[in-house]
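Q: Starting from these lines, generate the structure:
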Amino acid sequence: MPRSPVWMREETRMLGALQIMIGLIVYYLGLIWIYLLLTQLIAFQKGYIPITIMTAYPFWSAIFFVLSGIHAVLLEKKRSRSLVTYTIVMNIMSACVAVIGILLLLLEFLIFYVSAEEPIWPQVSGKILSDYLFIFSLTELMVSSTVTHWAYQAKRNR
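A: Here you go, the predicted model:
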């Protein structure tokens, strides 16, 4: 007797595409951050050293975000039980990575605001890049949590 396919919401594909786009945006924000960091160190001999760039958060988190998005898109297309499990695992890992990034960014914001000196414009622009990274990490946390919830419901209701 053939198995019936897993029931999955159609919106999962859109959330998966959103996860892929967030991963790419975070990666390119990291590249812009590195460029800004190098140019401000050369031009001003001082710079705002971000914790997230020192830990390479934009680069390794982008891998998790894109992979979880790919799994979500594939799940909505193929709807197999094993793919549901892989999607749940990848989205949980993606949510954990997003939480780590949010904590790193909060620490970075705290250090930025506690510093006694008046920030120059490259430091302020670096802070703005960190703000964008925070927003996209928070969005990824919400999206991966939603996809995990839907995939868990599909696995349980089967």
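
Q: Tell me where this protein has helices.
A: 11-44, 51-54, 57-78, 81-114, 121-156 (DSSP state H).

Q: for those helices, which one ends up most surrounded?
A: Greatest average neighbour count among the helices of the chain goes to helix 57-78 (a mean of 22), per mean count of other CB atoms under 10 Å. Every residue, glycine included, has its C-beta placed from N, CA and C.

Q: between that one and helix 81-114, how many degrees?
A: Inter-element angle recorded for helix 57-78 and helix 81-114: 150 degrees (by axes from the mean of the first three to the mean of the last three CA atoms, to 10 degrees).

Q: where's helix 57-78 relative to the chain centroid, distance-wise?
A: Offset of helix 57-78 from its chain centre (CA atoms, centre = their mean, to the nearest Å): 10 Å.

Q: now stretch 104-118
A: 21 Å.

Q: packing partners for the helix or strand bottoming out on mean pLDDT in the chain?
A: Within the chain, no helix or strand scores below helix 51-54, which has a mean of 87 by mean pLDDT, DSSP states H and E. When contacts are defined as 3 or more CB pairs under 8 Å, 6 or more residues apart in numbering; DSSP states H and E, helix 51-54 sits against helix 11-44, helix 81-114.

Q: Could you point out which of those helices sits nearest Leu138?
A: Between Leu138 and these, the shortest gap by CB to CB is with helix 81-114, which sits at 6.3 Å.

Q: Output the contacting helices and strands for the closest one.
A: Counting by 3+ CB pairs under 8 Å, 6+ apart, helix 81-114 packs on helix 51-54, helix 57-78, helix 121-156.

Q: one step back: please list the outside residues in contact with the least confident helix or strand of the chain.
A: 30, 33-34, 37, 58, 101, 104-105, 107-108, 111, 130, 133 (CB atoms under 8 Å, 6 or more residues apart in numbering).
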